[in-house]
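Trainee: Compute the structure for the input listed below.
(chains A and B)
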Amino acid sequence: MEVKFQAWDTAGKPIRCKAAMARKAGEPLVMEEVEVAPPKAWEVRIKILCTSLCHSDVTFWKTPAGPASFFPRIFGHEAAGVVESVGENVEEVKGGDLVLPIFQRNCGECRDCKSEKGNACSKFPVQFYEGMPRDGTSRFTDMNGEIVHHFFGVSSFAEYTVVDISQVVKMSLEIPIDKACLLSCGVTTGVGAACKFAQVEEGSVVAIFGLGAVGLAVAEGARLCKASRIIGVDLNPEKFEIGKKFGITDFVNPTSCGEKSVSQVIQEMTDGGADYCFECIGLASIMADAFNSSRQGGGKTVVLGVEMHGSPLSINAYEILRGRTVMGCLFGGLKPKSDISSFAKMYLDHELNLDGFITHEVSFKDINQAFDLLLQGKSLRCIIWMDNISNGK
Amino acid sequence: MNAEKVEFSRTAGKPIRCRAAVAREAGEPLVIEEVIVAPPKSREVRIKIICTSLCFSDITFWRLKVPPACFPRILGHEAVGVVESVAEDVHELAPGDTVLPIFLPDCAECMDCQSNKSNLCSKFPFHVASMMPRDGTSRFTDLKGETLFHFIYTSSFSEYTVVDVASVTKIDPAIPPNRACLLSCGVSTGVGAALRTANVESGSTVAIFGLGAIGLAVAEGARIAGAKRIIGVDINPDKREIGKKFGLTDFVDSRSCGNKSISQVITDMTDGGADYCFECVGLASLVHEAYACCRKGWGKTVVVGVDKPGSQLTFNSYEVLHMGKTLVGSLYGGLKPKTDVPMLIKKYLDKELELDKFVTHEVNFEEINRAFELLLQGKSLRCVIWMDK
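Mentor: Down below sits the predicted model:
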């Protein structure tokens, strides 16, 4: 598909556009006009084409106080867009390029970006990403001139946003933009976690706690890695049928385990525990369940969920001594700039199923419906289309 | 037939009356007394212990007053001996063989023993056992006929012990006994943790919390792997000098960190954290420190030390997710007794693995309580206890 441009004379000037504003924790977003400053050095201003809702948006939207809580804020971190203009020193992308803004930084220069191990870019100080990474300031102001906070350096619930070049990935392959949008967080996180981070081997037994988009993406990744059994754990029994499309072979509903704990059930059904357990919800108690469901002598537990309440993970020291591993990663352990293109290729080669993740579509003005659907457990990914953009041919 | 084998042919099939150091009450000195050691039953062997050494895990379960501690018990699990007799159905071992009794079972047949991912036998799952594995009974009685408990399938504080074949590894007798015994627990655990569990690469930075025999064995493993920096952390400042013999490049006295936490000190001195951190004491608080100062992105923290049962490790969930670190634990350094101990012995005989520096004291069996004192006072690494001298 092609995105048709009007001749842009907006470069270098602030842009006034619509944004879905989160003014108070947990309250519906309000459509307002905001002013988006031009990109500074090393920054890119992006016209968002479509975006999707990820539960991490919900987690921080609900957080009323504490070091991670900032309001008013523009949420959204899963999106696809087109470069409107670039700041000084940006040579990687130019006006008109199709790009994904990614919450995971990848400067390409620091020791971590250069190492083959890990994906935790260390160029900028760690922070909750409420401003731009290099100077901590915001590019958004509301109509009263008040600062509006960024989210994870992406803020895609706006018609235009400004993102640091270390968080911009150029999409060189032509894939439909709603599928491209999925690759900017959830699906890549899950598939990457299985295939690249945990390196699930052929024949392994995998258990996945939480069958939202991330959990199902882990299943998809485990399927690609030829796991022999992919056990899904979810409170919603409908997730079994849905999960089968993504490779789920067995299902456990924690409320139907009777007197036994979930980990006991999984230990029994796997003759000692799963080789790989993935936590894809964000609850420390479930991370512990996942750990206790892993096999001694080699079982690996991978934490992908963003803990919703700040609760700590508690595990028994003797159980870890028995040859178990606990790991966690963001973005599936992948480096955005080098790894996303291989996923795009896998989609085009019909190896990676992305279509199955999109269960709903709404227009930008109805963005709150996306929140409702996710909170009610009715959706996987709901694509939010900006005005005048569609997936037409 | 040598003299020893002649002697063995006289005792085979009969109970043996010999000396043992019995732990009768938690934390009380062991009592050297005569005990009766029954002949081996199906798939068991009876071993004449040559020498044994004290490991802190013996102390942990000696002074613990609740299960899995139990009394009266014959402790000891690091030892070397000679097979005195075998059950009829044992063909892989014969009287006269030099062997190590090893607390971590290795049946060599189950799926886990056959896999190269695990060293945890599923036929005889590891736990702090008090009886023989197959029939759950004891081979020891005291002179009043009271049953004495075994300790993790080994019980080496006795002139003779009975051990299941899954807990026996045959070794090359060329290695001196007061070096061989070290490989049945402590040194193998530390060296294995570095080489097998962590797979330390050449050029790495390693931090080791706790410089007892285990921690120093980790240092030995890291040295063999070619680590560039080996940082030792201990509350005992004497360990700085001792550690140099084991290849330590840096030492942190954990009581002299001032306002900083140990993990902050290490993070600062390594410009972001060590590639590998090993906890070799058995304290949850130290595991947390070790985890905090392994490098984000690829750092690995290895839990080696055995804490009290029920100990919980607590981590900030956000950090587990964000930092990209790995936490892993292992028993016996992730090694498989029957295949890996011969490999370590070869490394010792080839002068690649150094064992002499671990033995700081040697006593006779009668003085076994002195070994406890020395270890509790932090004065020894390994004290070898000779049965006959």
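Trainee: and the nearest residue to residue B:2 once chain neighbours are set aside, how far is that from chain A?
Mentor: Distances taken as CB to CB, 6 or more residues apart in numbering or on different chains put residue B:96 closest to residue B:2, at 7.7 Å, once the chain neighbours are dropped. The C-beta positions use only the backbone N, C-alpha and C, and glycine is treated the same way. Note on residue B:96: its distance to chain A, by CB to the nearest CB, to the nearest Å, is 33 Å.
Trainee: how about residue B:96, what does it touch?
Mentor: B:2, B:4, B:5, B:8, B:82, B:83 (CB atoms under 8 Å, 6 or more residues apart in numbering or on different chains).
Trainee: quick one: the strands in the stretch 1-150 of chain B?
Mentor: Ranges of strands within the stretch 1-150 of chain B are B:16-22, B:31-37, B:44-53, B:78-86, B:98-101, B:140-142, B:147-148, based on DSSP state E, counting those that start in this stretch.
Trainee: can you tell which of those strands is closest to chain A?
Mentor: Of all the strands of the stretch 1-150 of chain B, the one in closest proximity to chain A, counting by CB to the nearest CB, is strand B:78-86 (17.6 Å).
Trainee: Kindly calculate the angle that that closest one makes with strand B:16-22.
Mentor: 160 degrees (axes from the mean of the first three to the mean of the last three CA atoms, to 10 degrees).
Trainee: List the strands paired with strand B:78-86, with their directions.
Mentor: Next to strand B:78-86 in the sheet, as set by DSSP bridges, lie strand B:44-53 (antiparallel), strand B:98-101 (antiparallel).
Trainee: Tell me which of those strands sits most buried.
Mentor: strand B:44-53 (a mean of 27; mean count of other CB atoms under 10 Å in any protein chain shown).
Trainee: That strand versus strand B:31-37: what angle between them?
Mentor: 160 degrees.
Trainee: hang on, the earlier thing: indicate which one of the strands paired with strand B:78-86 is closest to residue B:293.
Mentor: For those, proximity to residue B:293 was assessed by CB to CB; strand B:44-53 is nearest, at 31.1 Å.
Trainee: and the stretch 51-200 of chain B, which residues reach chain A?
Mentor: Neighbours of chain A within the stretch 51-200 of chain B, by CB under 8 Å from any CB of the partner chain: B:112, B:115, B:117, B:118, B:119, B:120, B:122, B:125, B:126, B:197.
Trainee: Any figure for the gap between the closest residue in space to the fourth one that isn't next to it in sequence and residue B:221?
Mentor: What it means is residue B:118. The shortest distance from residue B:118 to any non-neighbouring residue, by CB to CB, 6+ apart, is to residue A:297 (2.8 Å). Counting by CB to CB, to the nearest Å, the separation of residue A:297 from residue B:221 is 20 Å.
Trainee: So those two - more neighbours on which side?
Mentor: Shown here are residue A:297 and residue B:221; by other CB atoms under 10 Å in any protein chain shown, residue B:221 has more neighbours (29 against 24).
Trainee: check which helix or strand covers that one.
Mentor: helix B:213-225 (DSSP states H and E).
Trainee: Please put the alpha-carbon coordinates of that helix into CSV.
Mentor: What follows is helix B:213-225, C-alpha atoms only, in CSV (Å, rounded to 0.1, in the frame of the first residue of the first chain):
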residue,chain,number,x,y,z
ALA,B,213,36.7,-23.7,49.8
ILE,B,214,33.7,-23.4,47.4
GLY,B,215,34.3,-19.8,46.5
LEU,B,216,38.0,-20.4,46.0
ALA,B,217,37.2,-23.4,43.9
VAL,B,218,35.1,-21.1,41.7
ALA,B,219,38.1,-18.9,41.5
GLU,B,220,40.2,-21.9,40.4
GLY,B,221,37.6,-22.7,37.7
ALA,B,222,37.5,-19.0,36.6
ARG,B,223,41.3,-19.1,36.4
ILE,B,224,41.3,-22.2,34.3
ALA,B,225,38.7,-20.5,32.0
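Trainee: Pairing partners for whichever helix or strand comes after that helix, with directions?
Mentor: Downstream of helix B:213-225, the next assigned helix or strand under DSSP H and E is strand B:229-234. Here strand B:229-234 is paired, per DSSP bridges, with strand B:205-209 (parallel), strand B:250-253 (parallel).
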